[in-house]
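> no sequence on this one, just coordinates:
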């Protein structure tokens, strides 16, 4: 069978969304992602999706987007999700997906990669450490979710 890494086609967006849902189940957090194939297709201007295919079946996906670091004064690649199906793990597919995404974004000016790993996902932590990623313990993720975002926006005066 022939394995290839390539850009996602629009008709594969539902499969990629299902992979993200599979990642959440794998982590066992109880969180259900809201991503759908339709939301991926409608966000193609923002998100870049590469897939791994083997024998006509999708076996992995890497979702990335351009970011900018004022501290580095440079563009970077932010990895939103990286997932390989359980039966395809251990074959360097995640590494190949990440490398292809990195090459694509380097051509667009990216000089670093940034990502988040769930603290319970020790396998992913080991994977990224093997590739040379360093954990930045001084950074802490802060999120203002949709309901709180709407409250925040509606507070105060119009400027």
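Good, I have the coordinates. Quick caveat, the model's predicted, so the values are computed rather than measured. Residues are numbered from 1 along each chain as shown.

> need the longest strand for the protein.
Longest strand in the chain, counting residues (DSSP state E): strand 57-69.

> how about the strands in this protein?
3-7, 48-54, 57-69, 74-84, 110-115.

> now what about the shortest one, what contacts it?
Residues outside strand 3-7 that contact it (C-beta atoms under 8 Å, 6 or more residues apart in numbering) are 48, 49, 50, 51, 52, 53, 54, 59, 93, 96, 97, 100. All C-beta spots, glycine's among them, are computed from the backbone N, C-alpha and C.

> Of those residues, keep whichever come out buried.
48, 49, 50, 51, 52, 53, 54, 59, 93, 96, 97, 100 (16 or more other C-beta atoms under 10 Å).

> biggest separation within those, which pair?
Spatially, the most separated pair among these is 48 and 54, at 20.8 Å (C-beta to C-beta).

> ok so, going back, can I get the contacts of strand 3-7 in a markdown table including pLDDT and distance to residue 155?
Formatted as a markdown table, these follow (pLDDT from 0 to 100; distance: C-beta to C-beta, whole Å):
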| residue | pLDDT | distance to residue 155 |
| --- | --- | --- |
| 48 | 97 | 34 |
| 49 | 98 | 35 |
| 50 | 98 | 40 |
| 51 | 98 | 42 |
| 52 | 98 | 45 |
| 53 | 97 | 47 |
| 54 | 96 | 51 |
| 59 | 97 | 46 |
| 93 | 97 | 46 |
| 96 | 97 | 46 |
| 97 | 98 | 41 |
| 100 | 97 | 43 |
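
> ok, those residues vs residue 12, which is closest?
Closest to residue 12, out of all of these and judged by C-beta to C-beta, is residue 51, at 6.4 Å.

> Quick one: residues contacting the closest one.
5, 6, 7, 8, 12, 16, 58, 60, 61, 62, 97.

> Equivalent analysis for residue 32, please.
21, 24.
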